[in-house]
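Engineer: Give me a model of this one.
(one chain, ligands or ions: 1)
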Amino acid sequence: MNTGPRIACEKKTVEQMIQIACRGKHGTREELCASCEQLLSYAQTRLSYCRFGENKTTCGACPIHCYKPDKRTEIRAVMRYAGPRMLFHHPFTLLQHTLHGIRSRKK
Ligand SMILES: [Zn+2]
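Structural biologist: Numbers count the residues shown, from 1 in each chain. Got it, this is the predicted structure:
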C-alpha cells in the first residue's frame with residue numbers, strides 16, 4: 001500500500017476538490033454528503049493501491065484509468081467543477097499539483 005508523500009499529496013488534492021464540489025453543488029457546509037463521502041473514500045483507496053506509487057503522475061494524466069466507469073464519470077464532474085475554483089480556495093495545493101504533473105510528464 002502506498003504511504004509516501006506523493007500519494008498523500010494527491011489524496012489531499014482530491015479531498016479538497018470533492019469538498020469544493022460538494023459545497024458548491026450539493027450545498028453542504030462542514031461535512032460531505034453521503035455520495036461525495038463515498039466517492040472520496042473510493043478515490044483514496046484507488047490512490048493507496050495505485051500501481052505507480054511515488055512515481056505516479058497526476059490522476060488526470062495517468063495512462064491507466066483505474067476507476068470504475070461510474071466513479072470515473074463522477075470524479076470527472078468534480079474535477080471540472082472544482083478545478084478552476086481551486087485557484088481561489090487552495091492555490092498552493094493547485095500549484096503543487098500542477099508542478100507534479102509537469103515534472104512527471106518530462107520524465
Ligand atoms: Zn456532495
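Engineer: remind me which residues of the protein are low pLDDT?
Structural biologist: The model of the chain has pLDDT under 70 over residues 105-107.
Engineer: Please repeat the previous calculation with a cut-off of 90.
Structural biologist: Applying pLDDT under 90 to the chain picks out residues 30, 51, 55-66, 92, 94-107.
Engineer: residue nearest the centroid of it?
Structural biologist: In the chain, the centroid-proximal residue (CA atoms, centre = their mean) is V14; its distance is 2.5 Å.
Engineer: Which residues are in contact with the closest residue to it other than its chain neighbours?
Structural biologist: By the measure of CB to CB, 6 or more residues apart in numbering, the closest residue to V14 outside its immediate chain neighbours is A43, 4.7 Å from it. All C-beta atoms are positioned from the backbone trio N, CA, C, and that covers glycine. By CB atoms under 8 Å, 6 or more residues apart in numbering, the contact set of A43 is K11, V14, I18, Y67, K71, I75.
Engineer: and the helix or strand containing the residue nearest to the centre of the chain, which residues are buried?
Structural biologist: For V14, the host element (DSSP states H and E) is helix 5-26. Buried residues in helix 5-26, defined by neighbour count with 16 or more other CB atoms under 10 Å: 6-7, 9-11, 13-14, 16-23.
Engineer: Skipping adjacent residues, who's closest to P5 in space?
Structural biologist: E54 is the one closest to P5 (CB to CB, 6+ apart), at 7.5 Å.
Engineer: what about the one you found, which SS state?
Structural biologist: For E54, the assignment made with DSSP: H, G, I helix; E, B strand; the rest coil gives helix.
Engineer: What residues does E10 make contact with?
Structural biologist: L47, K56, T58, C59, H97.
Engineer: and the gap between F92 and H26?
Structural biologist: Distance of F92 to H26, computed by CB to CB, to the nearest Å: 25 Å.
Engineer: again with C50
Structural biologist: From C50 to H26 the distance is 27 Å (CB to CB).
Engineer: do the same with R76
Structural biologist: 17 Å.
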